[in-house]
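>>> Need the 3D shape of this:
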Amino acid sequence: MREVVAGVLLFAGVALELAAALGVVSMRGVLQRIHYTGLAIVGAIPIAAAVVVRESFSLASMGPLLLCAYLLASGPALAHVTARAAGVPEEDDG
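Numbers count the residues shown, from 1 in each chain. Take a look at the predicted model:
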C-alpha cells in the first residue's frame, strides 16, 4: 500500500513540475514566467512526501523535507529579486 501512495504522490509531483516547466517555456515575458515558479515550488512538496511515505521518517527523508522548507522560504525572495532585476518598479504605498 505504501508503494502505491508513494507512486501516486511522485506522479503528482512530477506532473506539477512538468506543468511548471511548460508554463515557463511557453510564456513570453519575465513577469509571466515568474508566476510559474510558484507551481514549481508546490510540485516539490508531493515529491518530498513520496520520499517520506516510502522511507518513513528517517535520515533519508530529511533531505527532501529540508529542501522543501528551503524552497518555500526562498521562493518569494527569489521571485522578488528576479522581478527587480528585470526592471519592474516597486509600487509606493504612500
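>>> Provide a list of residues in contact with the residue lying closest to residue 47 once chain neighbours are set aside.
Distances taken as C-beta to C-beta, 6 or more residues apart in numbering put residue 13 closest to residue 47, at 3.6 Å, once the chain neighbours are dropped. Yep, even glycine has a C-beta here, placed from its N, CA and C like the rest. Contacts here follow C-beta atoms under 8 Å, 6 or more residues apart in numbering; on that basis residue 13 touches 43, 44, 45, 46, 47, 48, 49, 50.
>>> Poorly predicted segments of this structure, please.
In the predicted model, the chain carries pLDDT under 70 at residues 88-94.
>>> just so I have it, where are all the helices in the chain?
Secondary structure of the chain (DSSP state H): helices at 2-26, 30-55, 59-85.
>>> most packed of those?
Burial among those, expressed as mean neighbours by mean count of other C-beta atoms under 10 Å, is greatest for helix 30-55, which shows a mean of 18.
>>> That helix versus helix 2-26: what angle between them?
Between helix 30-55 and helix 2-26, the angle formed by their directions is 170 degrees, by axes from the mean of the first three to the mean of the last three C-alpha atoms, to 10 degrees.
>>> Report the distance from helix 30-55 to the chain centre.
3 Å (C-alpha atoms, centre = their mean, to the nearest Å).
>>> That helix - contacts with which helices or strands?
Using 3 or more C-beta pairs under 8 Å, 6 or more residues apart in numbering; DSSP states H and E, the elements in contact with helix 30-55 are helix 2-26, helix 59-85.
>>> Now distance to residue 37 too, for those helices, in JSON lines please.
Rendered in JSON lines, the data for the helices and strands packed on helix 30-55 read as follows (distance: least, C-beta to C-beta, whole Å):
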{"stretch": "helix 2-26", "distance to residue 37": "7"}
{"stretch": "helix 59-85", "distance to residue 37": "6"}
